[in-house]
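Enquirer: Sequence and predicted structure below; questions after.
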Amino acid sequence: QLQASGGGLVQPGGSLRLSCAASGFTFDGYTVGWFRQAPGKERGAVAVISRRGGSTYYADSVTGRLTIYRDNVNETVYLQMNSLKAEDTAVYYCARRFGGPVLRRELYTDWGQGTQVTVSS
């Protein structure tokens, strides 16, 4: 399973680092992605990373501000979030897929509980 953590309240322009801890499966055999869902909106892809971290893809709205990376020894995927904006406010989830990295939510499984990120002054 996957468990997201690290959310919180941050001011516009601030930073946060989210963590997605894995257990119970062969971690380096899976692509992992970060997704978010704002109130009243559908859950969408934010960033995804391949099994060994060699390939990453980002939603256009976060490119240049958010960075996804993984530590296969400690079985964790991170999302470093910089220059945060109010529109980044959402519940953030991580999920996995047995295949290559794609920004398509419906191809991912094993959704854990999300972590709330609120960007506000």
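Expert: Structure's in. What do you need? Numbers count the residues shown, from 1 in each chain.

Enquirer: so Val102, which of the three states?
Expert: What DSSP: H, G, I helix; E, B strand; the rest coil gives for Val102 is coil.

Enquirer: List the residues that contact it.
Expert: Contact analysis of Val102 by CB atoms under 8 Å, 6 or more residues apart in numbering lists 31, 48, 57. For glycine as for every other residue, the C-beta is placed from the backbone atoms N, C-alpha and C.

Enquirer: any idea which of those residues has the most stuff around it?
Expert: Counting neighbours by other CB atoms under 10 Å, Val48 comes out on top of these with 28 neighbours.

Enquirer: Packing partners of the strand or helix carrying that one?
Expert: Assigning secondary structure by DSSP states H and E places Val48 in strand 44-49. Strand 44-49 sits against strand 31-37, strand 56-58, strand 66-71, strand 76-81, with contacts defined as 3 or more CB pairs under 8 Å, 6 or more residues apart in numbering; DSSP states H and E.

Enquirer: Let me see the residues that make contact with the second one.
Expert: Under the contact criterion CB under 8 Å, 6+ apart, strand 56-58 has outside partners 46-50, 66-69, 101-103.

Enquirer: Try it again at 6 Å.
Expert: Contacts of strand 56-58 with the rest of the structure, by CB atoms under 6 Å, 6 or more residues apart in numbering, involve 47-49, 68, 101, 103.

Enquirer: For Gln11, see how far away Lys20 is.
Expert: Not Lys; residue 20 is Cys. Noted for Cys20: a distance of 24 Å to Gln11, by CB to CB, to the nearest Å.

Enquirer: between the two, which one's more packed in?
Expert: Ranked by neighbour count (other CB under 10 Å), Cys20 and Gln11 place Cys20 first, with 26 against 10.
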